[in-house]
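> model this:
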Amino acid sequence: MLRAQHPGSLLMFTIVLNASPMDGAAKCNRYWDLFVRSNGTNWDLAFLNDTLHLSSADTLIFHEVMLGDCPPYFVTHIWNGDTIPLGAPLTFRITGQGQHLIIEERPLEPVTVIASFVIEPTSTVSRECILTLSALLGGAMEPDPGQCCLMRDDLRQAGIIPLMEPYSTMGFTLTHGTGLSVDPQVFTDQVSDLSNVVDWVLLELRDPNDASTILYTKPAFITRSGSVREPSNLNPWLKFDIAPGPYFLALRHRNHLGVMTGAPVPLSEYALNLDMRSPGSALFGSGSLMPLPMAQWALWPGNAKLSTSRQQVKFAGALNDQDAVLARTGGSIPTNTTTGYWPEDTNLDGVVKYSGWANDRDIILQAIDGAVPTSVRVEQLPD
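Here you go, the predicted model:
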């Protein structure tokens, strides 16, 4: 299965199928299934045949199949009764308009098939890599020990999570999904409240030979249970349009310190499962995660003020995070509060508070361990 990509323009390529009958006959008739899957884009598929001529008696049938949360599959059945010389290529072209296309050919007769994909120079070829990921945000944890370890979805309940991903406007560089907007339906109550959205997060794939080099970024959602989901449909199967191979994976959040795998992880079309909540996770750096009850771990909260260099949580000193919280509430009256989707809302309850119950300043103090106010918690990501 190969993916051909050519964003926003006409894509034309040729599939060459060199087929030989297993019984050694000099010719064969063939019935082929050609599976074509579009990934969030519309394709007008047309067949322009180079060596295999479809007659008026041949059938060319499109029908759409929906399988659960899977995207549509357009299945083309081509019956050809022509005489095909032994080893001769069956060549046809598909033209379409869109960004992504996956094709898979399946012979329905017992034949030995060697398939090659000839892509025109204006197109590129890659495979789809799939990953499932779980993590927790330390600022959003349920206070009730009986609900450990689940996160609150106060931002969703308040209706203040933006429809558009927030990271491109915060200075983060996105290679995929810049300005992505979602249907408000994703913020409604799910069948299981564990799948309710907590907030946007950011995924990064980094160079296996230089973890400071970011190759791929995309926004995603994180749910109450910690499952990281595709933004469009809350599918837990995270998809990356990148060639298979080893990559460092980093998870970042707008007011939590990011975390990255300690070694490159092998990504491919076969789903890899990563759980950053587990103490057994091998992560980059030291003290990368905040310990929780029940032997669980979470991203460190309290990063209310984004730094221009490495992110950190500071309670005192220049450019500290508690001053950012006070400034957001007006800067002069500590008991003031401000509601909204703000980075200074370190506990993700939708309200920025400098003092009183459930205030955001205490989250910052706890993140630096509380005993020494001048301590600094530094994000464990490569420079």
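> switch to C-alpha atoms for all contacts and neighbour counts from now on
Fine.
> mind listing the strands for the stretch 151-300 of the chain?
Under the criterion DSSP state E, counting those that start in this stretch, the stretch 151-300 of the chain carries strands at the ranges 197-207, 210-223, 228-229, 238-241, 245-253, 256-260, 265-267, 272-275, 289-292, 296-299.
> Now do the buried residues in the longest one.
Same thing as strand 210-223. Neighbour-count burial for strand 210-223, counted by 16 or more other Cα atoms under 10 Å, picks out 211, 214, 215, 216, 217, 218, 219, 220, 221, 222, 223.
> just curious, which of those is nearest to residue 281?
Each of those was scored against residue 281 by Cα to Cα, and residue 211 proved nearest at 17.5 Å.
> Now do the contacts for the closest one.
By Cα atoms under 8 Å, 6 or more residues apart in numbering, the contact set of residue 211 is 248, 382.
> Quick check: which ranges of the chain have low pLDDT?
Across the chain, residues meeting the criterion (pLDDT under 70) sit at 1-127, 145-147, 279, 308-309.
> what ranges do the helices span in it?
Assigned by DSSP state H, the helices in the chain fall at 154-158, 321-328, 360-367.
> Reformat these as TSV; add distance to residue 134.
Listed next are these as TSV, based on distance: least, Cα to Cα, whole Å:
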stretch	distance to residue 134
helix 154-158	19
helix 321-328	27
helix 360-367	21
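> Is it possible to get CSV of the ones you listed that adds mean neighbour count and distance to residue 296?
Output for the helices of the chain, formatted as CSV (neighbours: other Cα atoms under 10 Å; distance: least, Cα to Cα, whole Å):
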stretch, mean neighbour count, distance to residue 296
helix 154-158, 18, 21
helix 321-328, 22, 26
helix 360-367, 23, 16
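> so residue 272 touches residue 237, yeah?
No: Residue 272 is not in contact with residue 237 according to Cα atoms under 8 Å; the separation is 9.4 Å.
> Can you say which of the helices of the chain is nearest to residue 201?
With Cα to Cα as the measure, helix 154-158 is the member of the helices of the chain nearest residue 201 (13.6 Å).
> So which elements touch the closest one?
strand 197-207 (3 or more Cα pairs under 8 Å, 6 or more residues apart in numbering; DSSP states H and E).
> What is the strand it packs on packed up against?
With contacts taken as 3+ Cα pairs under 8 Å, 6+ apart, strand 197-207 sits against helix 154-158, strand 210-223, strand 245-253.
> what lines up beside the second one in the sheet?
For strand 210-223, the paired strands and their directions (DSSP bridges) read strand 197-207 (antiparallel), strand 228-229 (antiparallel).
> which one of these lies closest to residue 344?
So among the strands paired with strand 210-223, strand 197-207 is nearest, using Cα to Cα, at 14.4 Å.
> Distance-wise, check the nearest residue to residue 164 once chain neighbours are set aside relative to residue 165.
What sits nearest to residue 164 in space, not counting adjacent residues and going by Cα to Cα, 6 or more residues apart in numbering, is residue 181, at 4.1 Å. Applying Cα to Cα, to the nearest Å, the value for residue 181 to residue 165 is 6 Å.
> Kindly report the same for residue 240.
For residue 240, the distance to residue 165 equals 17 Å [Cα to Cα].
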